[in-house]
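Visitor: The sequence isn't on hand, but the structure is:
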């Protein structure tokens, strides 16, 4: 009987498992929590002057291993996690700009970090929350 109860609790906990992505615009930093535990802390680049990165709480809408921006000259957006329309978290080769606002509104990460995040969200079947705040 105790085994059955433990199995049910264990399955319930697994069903609630989630990736929690927190982007701090003022610090230009992303914190990634897995099941409530801090797993990663990465520098990012968000919207530069004249553009906006939307604040709020989102869920991944779609994902693409390699996306090319139709709006910005076919710019490569590796490991894209789209969270609101054309806004995405994605990799960049412009790593020297990470930690400072530099994008048209997307959230840029070093490509290796974007790859890790992309696969982590896939491993959790898209069960992720993306929180963007000042």
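Guide: Nice, thanks for sending it over. Computed from a predicted model, the values in this text were never measured in an experiment. Residues are numbered from 1 along each chain as shown.
Visitor: Touching stretch 98-112 from outside, list them.
Guide: Residues outside stretch 98-112 that contact it (CB atoms under 8 Å, 6 or more residues apart in numbering): 23, 28-30, 42-49, 51-54, 71-72, 77-79, 87-95, 97, 117, 132. Any C-beta I mention is one placed from the backbone N, CA and C, and that applies to glycine too.
Visitor: how would you label residue 114: helix, strand or coil?
Guide: helix (DSSP: H, G, I helix; E, B strand; the rest coil).
Visitor: Distance-wise, check it relative to residue 22.
Guide: Distance, residue 114 to residue 22, by CB to CB, to the nearest Å: 16 Å.
Visitor: before we move on, back to that, if any of the contacts of stretch 98-112 are buried, give me the ChimeraX selection for them.
Guide: A single ChimeraX command selects the buried members of the contacts of stretch 98-112 (16 or more other CB atoms under 10 Å):
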select :23,28,30,42,43,44,45,46,47,53,77,78,79,87,88,89,90,91,92,95,97,117,132
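Visitor: From the chain's centroid, how far away is the longest strand belonging to the chain?
Guide: Longest strand in the chain, counting residues (DSSP state E): strand 76-84. Put simply, strand 76-84 sits 9 Å off its chain's centre (CA atoms, centre = their mean, to the nearest Å).
Visitor: Show me what the very next helix or strand once past it is packed against.
Guide: Using DSSP states H and E, the next helix or strand after strand 76-84 towards the C-terminus is strand 87-92. Applying 3 or more CB pairs under 8 Å, 6 or more residues apart in numbering; DSSP states H and E, one finds that strand 87-92 contacts strand 76-84, strand 107-110, helix 111-123.
Visitor: which residue ranges form the helices in the protein?
Guide: 2-15, 111-123 (DSSP state H).
Visitor: Pick out the shakiest of the ones you listed, pLDDT-wise.
Guide: When these are compared by mean pLDDT, helix 2-15 comes last with a mean of 40.
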